[in-house]
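Participant: below: sequence and its predicted model.
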Amino acid sequence: MSTIAAIATGNSVGGIGVIRISGEQAIEIASKVFEPMDASNLCELKGYRAKFGNIIINGAPSDNGVALVFRAPKSYTGENVVELSVHGGLLTVQKALQAVLEAGAVPAEAGEFTKRAFLNGKLDLAQAESVAQLISAQGEAAMKASFNAMQGSLSRKINGILDVLLDTSAVMAAWVDYPDEEIEELEEDELMASLKDCELQLTELLDNYDNGQTIIDGVETVIAGMPNVGKSSLMNMLVGRDKSIVTHIAGTTRDIVEESVRLGSIVLRLRDTAGLRQSEDVVESIGIDKAYKALDDAQLVLAVFDNNRELCDRDFDLIERCKGRTAVAVVNKVDLEQRLDVEYIKSSFERVVFASAENSEGMRELAEAVEQTLGISDFDSNAPMLANSRQRLNCQNALECIRQAIDGLSLGVTYDALNVMIDGAADELLSLTGRKATTEVVNNIFSKFCVGK
Ligand code: GDP
């Protein structure tokens, strides 16, 4: 297999940049572009050791850096790995990579380091996918859940279910194939209990998936309300800087402004929409149409009302639109005199938060209300969590097979037929963790990674 190299750090200026090299020739190739200051030979360095030295480009020392050597199989990929840390200028890192490629490495494809780690048995597919997820995590809960999955919490859970299925399948196969041998009688009660337990565990995983997605992907959120109630101010309060234009003239938020913010432990993908008000202004009307559309599509609506103003038809309209939706009412401008019919708001929304966007008051209350409304306030990010739709589909298919087996067992179908269903479930779970995944599936997963990971 070729020796690959790529820049492992981001494509921006930083203190250091890291070039990662992996493959049988990694150390030899690194030694052609890196000369330790103590004139030692990198090729003789033991694993887990580092040397300070010069980066040699076109035969001349061009930068200082540190070479960190890992020897197979004790590395991320399971191969020989060298990580060259150089000064983190865009050019310094690029040039160092170029020198490494000229010395014999080939450019790594997206996700190729992690793919090699998978192929070398360093991690399974579920863990590999959690690496990608950890890198893209925006919220704390997502980060924690991805880290747990990377440490193998999901894989252990899946493998636990698999063990039961494979044991059951083996016993049944023996019973079917060697009916005359002295094989223990199959206890159908026990078999049913095992299948029911697998069913329960898979159902829990699938139920947890939606909450997990909400946490990982963030929640599509719309801030809706009449002009001037303080939608932009609320958004600015959440974002922490002036993103929307705030003015006293009604209708200044012409279009939809978008921003991701962390609120409590989750990420809201916020949309601040034009005021919900009939308008003569064409541009504004387009904004309002978009606002209604965004409101209908949103996973969460923050319906904002002005504490200092009585409710008007448009407010009632918004309240109506929020019925049956995942929505939190925000009574804004509590620093001003109350003219709003707060009782009516309270009777129309399950959760009402009192805020003063101007004074950044009400953030914590809003975070709590949002988490409760979304039903994730007691989400356990330590629990094993499915990471994506691929894993979810595997689980769903496995569950389907197990349910068929449960039905089959109670209807008295042959053990042969039951075994086909149990094997079907096992296959799905083997594919989830990659113990039995096709090359296409594997390639597809790693192609979504970034280069250098
Ligand atoms: P939008 O049209 O709903 O986006 O409303 P804006 O965020 O542009 O706010 C309209 C006006 O209300 C601005 O002058 C804000 O400074 C003011 N405002 C917003 N929030 C508060 C608040 O909590 N208290 C007070 N007193 N004024 C606020």
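Facilitator: Received it, and whenever you're ready, just let me know what you need.
Participant: which non-adjacent residue is nearest residue 201?
Facilitator: residue 161 (5.5 Å; C-beta to C-beta, 6 or more residues apart in numbering). The way it works is simple: take the backbone N, C-alpha and C, and place the C-beta from them, glycine included.
Participant: let me fix that, I meant to ask about residue 404.
Facilitator: In space, residue 404 is closest to residue 421, 4.8 Å off (C-beta to C-beta, 6+ apart).
Participant: over to that neighbour. Which of the three states is it?
Facilitator: Under the three-state scheme (DSSP: H, G, I helix; E, B strand; the rest coil), residue 421 adopts helix.
Participant: quickly note the distance from it to the ligand.
Facilitator: Remark: distance between residue 421 and the ligand (C-beta to the nearest ligand atom, to the nearest Å) = 57 Å.
Participant: my guess is that residue contacts residue 399. True?
Facilitator: No - if you go by C-beta atoms under 8 Å, residue 421 and residue 399 don't touch, sitting 11.5 Å apart.
Participant: tell me which of the two has more neighbours.
Facilitator: When residue 421 and residue 399 are compared for neighbours, residue 421 comes out ahead with 22 against 19, by other C-beta atoms under 10 Å.
Participant: next structured bit after the worst-scoring helix or strand of the chain on mean pLDDT?
Facilitator: Of all the helices and strands that make up the chain, the one with the lowest confidence by mean pLDDT, DSSP states H and E is helix 282-297; it has a mean of 66. Beyond helix 282-297 in the direction of the C-terminus, DSSP states H and E gives the next helix or strand as strand 300-306.
Participant: now that following strand - C-alpha only, CSV.
Facilitator: Provided in CSV are the C-alpha atoms of strand 300-306 (Å, rounded to 0.1, in the frame of the first residue of the first chain):
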residue,chain,number,x,y,z
LEU,A,300,-38.7,25.3,16.6
VAL,A,301,-40.5,28.7,16.7
LEU,A,302,-39.5,31.5,19.0
ALA,A,303,-42.7,33.6,18.9
VAL,A,304,-41.8,37.1,20.1
PHE,A,305,-44.3,39.6,21.7
ASP,A,306,-43.8,43.1,22.9
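Participant: which outside residues touch that strand?
Facilitator: For strand 300-306, contacts defined as C-beta atoms under 8 Å, 6 or more residues apart in numbering pick out 219-226, 228-231, 234, 268, 295, 311, 315, 318-319, 322, 325-333, 340, 345, 349, 366, 370, 373-374.
Participant: also stretch 194-202?
Facilitator: Contacts of stretch 194-202 (C-beta under 8 Å, 6+ apart): 157, 160-161, 164-165, 168, 395, 398-399, 402-403, 405-406, 409, 422, 425.
Participant: now for these: which two are most distant?
Facilitator: 157 and 409 (23.6 Å; C-beta to C-beta).
Participant: which one's more surrounded, those two?
Facilitator: When residue 157 and residue 409 are compared for neighbours, residue 157 comes out ahead with 20 against 17, by other C-beta under 10 Å.
Participant: that one sits in which helix or strand?
Facilitator: Using DSSP H and E, residue 157 sits in helix 153-177.
Participant: coming back round to it: so how many other residues sit close to the residue nearest to residue 201?
Facilitator: Neighbours of residue 161 (other C-beta under 10 Å): 24.
Participant: please apply the same query to residue 187.
Facilitator: 11.
Participant: what's the answer for residue 389, then?
Facilitator: Residue 389: 11 neighbours (other C-beta under 10 Å).
Participant: quick one: it from residue 445, how far?
Facilitator: Applying C-beta to C-beta, to the nearest Å, the value for residue 389 to residue 445 is 12 Å.
Participant: quick one, helices of the stretch 101-250 of the chain?
Facilitator: Assigned by DSSP state H, counting those that start in this stretch, the helices in the stretch 101-250 of the chain fall at 112-119, 125-136, 140-150, 153-177, 188-217, 231-239.
Participant: the last one near the ligand at all?
Facilitator: Yes - legend: contact between helix 231-239 and the ligand by C-beta under 6 Å from any ligand atom is shown at 231-233.
Participant: doesn't residue 83 belong to a strand?
Facilitator: Yes - per three-state DSSP, residue 83 lies within a strand segment.
Participant: for it, name its beta-bridge partners.
Facilitator: On the basis of DSSP bridges, residue 83 is bridged to residue 20, residue 68.
Participant: for it, give me its contacts.
Facilitator: 8, 18-21, 67-68, 70.
Participant: count residues in the vicinity of residue 164, would you?
Facilitator: Using other C-beta under 10 Å, residue 164 has 16 neighbouring residues.
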